[in-house]
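**Student:** Quick one, fold the following:
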Amino acid sequence: MGRGLSAYLLFALFAISCVNAQQADTGGAIASISAGGTFGLGAHGAVDGSVAVPASKYLLPYIDFTYSPLATYSFSFGSNLTAGKGLSHSYLLDVNGGLEIRFPRSRKSDWVPYVGFGAGLLRIATNTHETELGANITSNQVRDELAGNASAGGLYYITPHVGLKIEAKGYFTGSNRLGQATVGVFYQFE
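**Tutor:** Residues are numbered from 1 along each chain as shown. Okay, the predicted model is just below:
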């Protein structure tokens, strides 16, 4: 089974490398979904989705959404830690827009590197639920910050419309500096 799977993967990689994919300069929107990690408030997983609509071969305005669960933990409180119990959950949500500047290489290249610059809203939220002597108390803390960002990445076209996307992005707010690295797939519409 292991050899068969390895042979199949090698054949698939060979077949993909023989496809003359090239980027499709159709002017169609590019939708992507990615997964990776967020760094700076600890290291946490992240999922990301974006849509870019080319204004030209080189300029792509985009909108991007990111979700990252930050921490979940339970706790006890009171004397001898018997007065009550609690559960806390925090997450990061980012909604931003900006402009990607692509650097298409020759028509025979399947890689399209880019840099991006944008701004948006970075939300860090914490929800805490406590139970004490049969009473339930829930508190929510939300901090919204305007955030600028800069990114660098690349699109690798497997076919003229489907490929892989890699990206590293840095966020800058008045009180936080965060980084994000993701890998995913994209589809370019005609």
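
**Student:** Just to check, Ser88 is in contact with Phe75?
**Tutor:** Yes. Between Ser88 and Phe75 there is a contact under Cβ atoms under 8 Å: 7.1 Å. Bear in mind the C-beta positions are built from the backbone N, C-alpha and C, glycine included.

**Student:** Which residue of those two possesses the greater neighbour count?
**Tutor:** Ser88 (16 against 12; other Cβ atoms under 10 Å).

**Student:** quick check, the more buried one in a strand?
**Tutor:** Yes. Applying DSSP: H, G, I helix; E, B strand; the rest coil, one finds Ser88 inside a strand.

**Student:** Grab the nearest non-local neighbour of it.
**Tutor:** Thr128 (4.5 Å; Cβ to Cβ, 6 or more residues apart in numbering).

**Student:** in which helix or strand would I find the one you found?
**Tutor:** strand 111-132 (DSSP states H and E).

**Student:** For the next helix-or-strand element following that strand, list the C-alpha coordinates in PDB.
**Tutor:** Next helix or strand after strand 111-132 toward the C-terminus (DSSP H and E): strand 135-157. Extracted as PDB, the C-alpha positions of strand 135-157 are listed here (Å, rounded to 0.1, in the frame of the first residue of the first chain):
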ATOM      1  CA  ALA A 135     -25.700  31.400  39.400                       C
ATOM      2  CA  ASN A 136     -24.300  31.800  35.800                       C
ATOM      3  CA  ILE A 137     -22.400  34.900  34.900                       C
ATOM      4  CA  THR A 138     -21.300  35.600  31.300                       C
ATOM      5  CA  SER A 139     -19.100  38.500  30.300                       C
ATOM      6  CA  ASN A 140     -17.800  39.600  26.900                       C
ATOM      7  CA  GLN A 141     -14.900  41.800  26.200                       C
ATOM      8  CA  VAL A 142     -14.300  43.100  22.700                       C
ATOM      9  CA  ARG A 143     -11.500  45.300  21.500                       C
ATOM     10  CA  ASP A 144     -11.600  46.600  17.900                       C
ATOM     11  CA  GLU A 145      -8.600  48.300  16.400                       C
ATOM     12  CA  LEU A 146      -7.800  49.700  13.000                       C
ATOM     13  CA  ALA A 147      -4.900  47.800  11.600                       C
ATOM     14  CA  GLY A 148      -2.600  48.300   8.600                       C
ATOM     15  CA  ASN A 149      -1.000  45.300   7.000                       C
ATOM     16  CA  ALA A 150       1.700  44.300   4.500                       C
ATOM     17  CA  SER A 151       2.000  41.000   2.800                       C
ATOM     18  CA  ALA A 152       4.200  39.000   0.400                       C
ATOM     19  CA  GLY A 153       3.300  35.800  -1.300                       C
ATOM     20  CA  GLY A 154       2.800  33.900  -4.500                       C
ATOM     21  CA  LEU A 155       0.300  32.100  -6.600                       C
ATOM     22  CA  TYR A 156       1.400  28.800  -8.300                       C
ATOM     23  CA  TYR A 157      -0.900  27.900 -11.200                       C
END
